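S.K.: predicted model, plus sequence, below.
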Amino acid sequence: MRTRPGLGQALAAMAYGDYRRFVVSLLATQLGAQILNIATLWQVYQLTGSPLLLGLTGLTRAGPHIVLSLAGGVIADRLNRVRLIQSGQIANAAVALVLGVLTLTQTVEVWHLYVATFLNSAFSAVSQPARTALIPKLVPRAILVNAVALQLTIGQSSQIVGPALGGVAMGVIDLGPTYVITGLAYLGGVLALVGVRVAEPTISKESPWRSLVEGLSFVRQKPVIVSLLALDLGETVLGSYRALLPILAVELGVGPEGYGLLNAAPGLGGVLGASFILSLGDMRYKGLFTIFGVLAYCAALAVLAVSPWFLLSLVAAGLLGTTNAVQMIPRNAAILAISPDALRGRVEAFRTMLAGGGPPLGYTTSGALAAALGPAVALVVGAASCAALVVAIAATRRELRDPNLGSMHISDRSP
């Protein structure tokens, strides 16, 4: 049954108690993750004063995410997903609380922060596929888009609120207590999931390796999933921009305050984009929303590249968040709907691996182009390359134009 478009049904998924518990848990976890991230970055710079050592935290975070996401998908399809999520939250709470103790006792060293970052990324990578794969079990299919959009809205909102709260906490109560609060936030996420009941997965007799291969084979046999993931990978790799924001801020003469606003603008834009999708309900033509969302993203990126004014750059950065949300929510909802529940964790793990690995690769690509051509030309080249890829995929994969994509299990068709 299709929900009626309109702002009145924007919170339709919240009518379901298990989804409400999921949302509270997600909010606590996302806020904790954002605060932990900025706190560790701040402390690394305090201890070392080295931009290089600060930048290496990104590799420490990206490595386990890329390597362990697929393993997380296999685990998510074999174990109770709620318990798996709770286990990851407890582990991350322990990481934050240990950092709090080390900081309060003034025994913390920089290698502690690298290990903490690595472990936080590893625990999150293993549990994230279960978190997204759980959503279709909490709400009816008719409001799956709504549930995915609310999930993204929470993520985008935490990117705005979390760093602000973390900065205030570090300034008012210092780093040690901030880590303790972060640990408590993770534990709050654990408690919020108490009472969520889902069916236990069927115990597979296959080896974990065969389970992984089965999941990857399913993705390979569904060209529409591959096409949707390729659109997103093109955006994150070819359309990467965050590594160049410090350079743009300096060129615009706005300093660190302006740099902070440029980083926050996509989060605010993402909330607006998610709100728009929420108002549409279970829309048709999810593939076209994805295609035109990425193309609009490319246009916003080109504006950011050539903008001579800070205000226009701020608007362009906000539009990057908006257009990303517009393409991401229908895409993720379609992939979840197409994937059978028994394989959903592994499919989501593959998507998570690309989502986690694409941005670091994009940072490297945009940085190399900027070093050779300048930041503006690098962003324009990235936008044009991304747009060309989108057009090529849209022209050759007609299943993306199916009006019922993600509304039922469609058969894949060759172009």
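M.R.: That came through fine.

S.K.: assign the closest residue to T153 other than its chain neighbours to helix, strand or coil.
M.R.: Spatial nearest neighbour of T153, excluding adjacent residues (CB to CB, 6 or more residues apart in numbering): A274 at 4.1 Å. Every residue, glycine included, has its C-beta placed from N, CA and C. Per DSSP: H, G, I helix; E, B strand; the rest coil, the local secondary structure of A274 is helix.

S.K.: just the element for V23, please.
M.R.: According to DSSP states H and E, V23 maps onto helix 17-48.

S.K.: my error: substitute V380 in the last question.
M.R.: In this assignment (DSSP H and E), V380 forms part of helix 375-396.

S.K.: what helices or strands is the helix or strand where R331 lies leaning on?
M.R.: Secondary structure from DSSP H and E places R331 in helix 310-338. Applying 3 or more CB pairs under 8 Å, 6 or more residues apart in numbering; DSSP states H and E, we find helix 310-338 packed against helix 110-134, helix 144-173, helix 223-238, helix 245-252, helix 255-280, helix 286-306, helix 341-373.

S.K.: which one of those lies closest to A384?
M.R.: Closest approach to A384 among the helices and strands packed on helix 310-338 is made by helix 286-306 (7.5 Å; CB to CB).

S.K.: what mean pLDDT would you report for that closest one?
M.R.: The average pLDDT for helix 286-306 rounds to 91.

S.K.: pLDDT weak spots in the stretch 51-200 of the chain?
M.R.: Confidence mapping of the stretch 51-200 of the chain against pLDDT under 70 gives the ranges 51-59, 69-79, 163-164, 167, 198-200.

S.K.: return the residues in contact with V390.
M.R.: 231, 234, 291, 294-295, 298 (CB atoms under 8 Å, 6 or more residues apart in numbering).

S.K.: please redo it, this time with the cut-off set to 7 Å
M.R.: Under the criterion of CB atoms under 7 Å, 6 or more residues apart in numbering, the neighbours of V390 are 231, 234, 291, 294-295.

S.K.: adding neighbour count, write those residues out as TSV.
M.R.: Converted to TSV, these look like this (neighbours: other CB atoms under 10 Å):
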residue	neighbour count
L231	24
G234	24
I291	24
V294	26
L295	19
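
S.K.: can you tell me which of these is nearest Y19?
M.R.: L231 (27.3 Å).

S.K.: surely the closest one and L288 touch.
M.R.: No - counting by CB atoms under 7 Å, L231 does not reach L288; the two are 11.3 Å apart.

S.K.: now do V380, the pLDDT please.
M.R.: pLDDT recorded at V380 is 92.

S.K.: that one: neighbour count?
M.R.: 19 (other CB atoms under 10 Å).

S.K.: and it, how far is that from L262?
M.R.: V380 sits 18 Å away from L262, going by CB to CB, to the nearest Å.

S.K.: likewise for G234?
M.R.: According to CB to CB, G234 stands 23 Å off from L262.

S.K.: what of R131?
M.R.: 29 Å.

S.K.: make sure T107 is indeed in a strand.
M.R.: No - going by three-state DSSP, the assignment for T107 is coil, not a strand.

S.K.: isn't A394 right up against L400?
M.R.: Yes - contact criterion CB under 7 Å: A394 and L400 qualify, at 6.3 Å.

S.K.: who touches both of these two?
M.R.: Contacts common to A394 and L400, judged by CB under 7 Å, 6+ apart, are I291.

S.K.: what about these two, which has more around it?
M.R.: More crowded of A394 and L400, by other CB under 10 Å: L400, with 24 against 20.

S.K.: SS state for the more buried one?
M.R.: Following three-state DSSP, L400 is assigned to helix.

S.K.: swap in the one 3 residues further on?
M.R.: Per three-state DSSP, the local secondary structure of P403 is coil.

S.K.: who's in contact with it?
M.R.: P403 neighbours (CB under 7 Å, 6+ apart): 284-285.

S.K.: got phi/psi on it?
M.R.: Phi and psi for P403, reported as degrees, to the nearest 10, are phi -60, psi -20.

S.K.: and it, how far is that from L288?
M.R.: Distance, P403 to L288, by CB to CB: 9 Å.

S.K.: just list the residues touching the residue nearest to T153, thanks.
M.R.: Contacts of A274 (CB under 7 Å, 6+ apart): 149, 152-153, 156, 325, 329.

S.K.: buried ones in the helix holding R331, by neighbour count?
M.R.: Buried residues in helix 310-338, counted by 16 or more other CB atoms under 10 Å: 310, 313-338.

S.K.: still on that earlier bit, any chance of the contacts of A274 in a markdown table, plus distance to L165?
M.R.: Listed next are the contacts of A274 as a markdown table, based on distance: CB to CB, whole Å:
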| residue | distance to L165 |
| --- | --- |
| A149 | 24 |
| L152 | 20 |
| T153 | 17 |
| Q156 | 15 |
| A325 | 22 |
| I329 | 25 |
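
S.K.: which of the residues you listed sits closest to L102?
M.R.: The shortest approach to L102 among the contacts of A274 belongs to Q156, at 31.5 Å (CB to CB).

S.K.: and the gap between that closest one and L252?
M.R.: Between Q156 and L252 the distance is 24 Å, computed by CB to CB.

S.K.: and for S87?
M.R.: Using CB to CB, S87 is found at 45 Å from L252.

S.K.: go on, N404?
M.R.: Applying CB to CB, the value for N404 to L252 is 45 Å.

S.K.: now do V196
M.R.: Distance of V196 to L252, given as CB to CB: 47 Å.

S.K.: same thing with P223?
M.R.: Taken as CB to CB, the span from P223 to L252 is 43 Å.

S.K.: quick one: pLDDT of A317?
M.R.: 90.

S.K.: ok, P201 next?
M.R.: For P201, pLDDT reads 57.

S.K.: for I410, same thing?
M.R.: So I410 comes in at 41 (pLDDT).

S.K.: one more: T29?
M.R.: T29 carries a pLDDT score of 88 in this model.

S.K.: ok, it - contacts?
M.R.: 89, 186, 189.

S.K.: G293 against G321, yeah?
M.R.: No - the pair G293 / G321 is not scored as a contact, 11.5 Å apart, by CB under 7 Å.

S.K.: what about the residue lying closest to V145 once chain neighbours are set aside, distance to D402?
M.R.: Once flanking residues are discounted, V145 sits nearest to A333: 4.4 Å by CB to CB, 6+ apart. A333 is 14 Å from D402, where distance means CB to CB.

S.K.: check L361 too.
M.R.: For L361 relative to D402 (CB to CB), the value is 30 Å.
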